[in-house]
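In: from the sequence below, what's the structure:
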Amino acid sequence: MDFQMFIPPLVGGVIGYITNDIAIKMLFHPRKAMYIGKWQLPFTPGLIPKEKHRVAKSIGNVISTQLLNSDTLVEVFTSEKMLLKIRTSLESLVENNKQNEDTLEATMLRFAPEEVVERIIDDIKCDVASLIHSKLTDLHFGENISKHVLHKINDKMHTLTFGLVSNLFDETLTDSIAKSVGELINKAIFDNSEEIVQNLIETEVLKLKEEKVCDIILKYEEKIPVLIDFIINTYEKIIKNNLAQILNGINIAKIVEEKIDSFDVMQLEDMIFGIMSKELKAIVYLGAVLGFIMGFINLLI
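Out: From the prediction side, this is the model:
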C-alpha cells in the first residue's frame with residue numbers, strides 16, 4: 001500500500017484544525033492593536049476586543065426585546081405554574097405559623113429591618129385611609145343618608161299619628177332638604193374623614209401588631225382563603241398592568257450593555273469558553289475533518 005496517498009488528506013486535516021483553532025483564538029487575540037511604525041496590523045485587535053461595545057449593545061437589545069420583553073415576563077410571572085407556586089407558598093406560610101406565639105410585629109421584623117416594616121405599614125395605612133375617604137366622597141354619602149333619615153321621620157310620624165298624617169315632607173321638600181343637608185355632610189366628610197379613618201386604622205394597627213400570630217390566624221382562619229385569593233389576584237393585576245412600565249424604567253438593554261461593556265476581554269473570553277467550550281472544540285475538530293476530506297478529494301482529482 002502506498003502510504004503517500006494519505007499525506008494530502010492528513011496535511012489537509014492538520015491545516016483545517018490549525019486554521020479553525022487560530023480563527024477562534026483571533027476572536028479574542030490580540031487584545032490590543034499592534035503596529036509596525038505607524039501602520040496598524042490588520043486583524044488587530046481581535047474581533048471581540050475591537051467590537052466589544054457594539055457586541056454588548058446588540059446582546060442587550062436581543063435580551064430586552066426577544067428574551068426578557070414584557071410579554072414574555074408577564075406570561076412567565078402569571079402562568080398557572082407560578083400562581084400555584086405563590087398560592088402554595090402562602091398556604092405553607094399560614095400553616096407553619098399556626099403555632100407561632102410571637103407577635104405579628106416581631107414576626108415581621110424577622111423578615112425585614114424595622115424601618116422597612118414601618119414604611120410598609122405606613123404605606124398600607126395611608127392607602128387604606130385614602131381608599132375609604134375616596135369611596136365615602138364618591139358615594140355622596142351625605143345626601144343619601146339625609147334622604148334615608150327624612151323617610152324614616154315620615155314613617156315615624158305616620159305611625160305616631162295613626163295614619164292621620166301621611167307625609168310630613170313631600171318628595172320635593174325631601175329632595176331639597178336632603179341636598180342642602182347632604183352638601184354639609186359631604187363637605188364634613190371630605191374635610192375630616194381621611195384623618196378620622198387614619199386615626200381609627202392607626203388604633204387597629206397598633207392592636208394588631210401586638211397580637212400573637214397564632215391568634216390572628218385562628219381568628220381569621222375562615223377568611224384566609226379569600227385573603228390568599230385577593231393577594232394572588234392583586235399580584236396578577238399588578239404584573240399585567242405595570243410590568244411593561246417597570247421594565248421601561250429598569251431598561252434591561254442598558255443594564256446588560258453596561259455590564260458586558262465593563263467586562264475585561266479576558267473575563268469575556270473565559271465566560272464564553274466556559275459556556276461554549278465543547279462547541280468551539282467541535283468547530284476545530286470539524287475543520288480537521290473537512291480538511292481531511294478536501295485533501296482526499298484533491299488526491300482523487
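In: switch to C-alpha atoms for all contacts and neighbour counts from now on
Out: Fine.
In: show me where this protein has strands.
Out: For the chain, the strands defined by DSSP state E occupy 35-36, 39-40.
In: in a markdown table: the ones you listed, plus mean neighbour count, mean pLDDT and distance to residue 279.
Out: Shown next, in a markdown table, are those (neighbours: other CA atoms under 10 Å; pLDDT from 0 to 100; distance: least, CA to CA, whole Å):
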| stretch | mean neighbour count | mean pLDDT | distance to residue 279 |
| --- | --- | --- | --- |
| strand 35-36 | 9 | 82 | 33 |
| strand 39-40 | 10 | 83 | 32 |
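In: okay if I get these as TSV plus distance to residue 99?
Out: As requested, the strands of the chain are arranged in TSV below (distance: least, CA to CA, whole Å):
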stretch	distance to residue 99
strand 35-36	75
strand 39-40	75
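In: of all those strands, which one is nearest residue 260?
Out: When those are compared by CA to CA, strand 39-40 sits nearest residue 260, at 26.3 Å.
In: who's in contact with stretch 72-87?
Out: Stretch 72-87 is touched from outside by 228, 232, 236, 239-240, 243, with contacts defined as CA atoms under 8 Å, 6 or more residues apart in numbering.
In: now it: average pLDDT?
Out: Stretch 72-87 carries an average pLDDT of 91.
In: cross the contacts of stretch 72-87 against helices and list the overlap.
Out: Here DSSP state H is the test, and the contacts of stretch 72-87 give 228, 232, 236, 239-240, 243 as lying in helices.
In: where does pLDDT dip in the stretch 101-250 of the chain?
Out: For the stretch 101-250 of the chain, the stretches flagged by pLDDT under 70 are 133, 135-194, 196.
In: would you state the helices of it in chain order?
Out: Assigned by DSSP state H, counting those that start in this stretch, the stretch 101-250 of the chain shows helices spanning 104-111, 114-138, 141-160, 171-210, 213-219, 224-250.
In: residues in contact with the first one?
Out: Identification of contacts with helix 104-111 by CA under 8 Å, 6+ apart yields 117, 208-213.
In: just the buried residues of the residues you listed.
Out: 209, 211-213 (16 or more other CA atoms under 10 Å).
In: just give me the closest of the residues you listed to residue 103.
Out: residue 212 (4.1 Å).
In: list the contacts for the nearest residue to the closest one once chain neighbours are set aside?
Out: Among residues not flanking residue 212 along the chain, residue 103 sits closest, at 4.1 Å (CA to CA, 6 or more residues apart in numbering). Residues in contact with residue 103 (CA under 8 Å, 6+ apart) are 209-213.
In: in JSON lines, list the contacts of stretch 72-87 along with neighbour count.
Out: Listed next are the contacts of stretch 72-87 as JSON lines, based on neighbours: other CA atoms under 10 Å:
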{"residue": "228", "neighbour count": "16"}
{"residue": "232", "neighbour count": "18"}
{"residue": "236", "neighbour count": "17"}
{"residue": "239", "neighbour count": "19"}
{"residue": "240", "neighbour count": "17"}
{"residue": "243", "neighbour count": "18"}
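In: and of the residues you listed, the nearest to residue 38?
Out: For the contacts of stretch 72-87, the nearest to residue 38 is residue 243 (52.8 Å; CA to CA).
In: pretty sure that closest one is touching residue 70, no?
Out: Yes: with contact defined as CA atoms under 8 Å, residue 243 and residue 70 form a contacting pair (6.5 Å).
In: and for residue 253, the neighbour number?
Out: By the measure other CA atoms under 10 Å, the count of residues near residue 253 is 23.
In: against residue 12, how distant is it?
Out: 44 Å (CA to CA, to the nearest Å).
In: also residue 251?
Out: From residue 251 to residue 12 the distance is 49 Å (CA to CA).
In: who has more neighbours out of those two?
Out: residue 12 (22 against 13).
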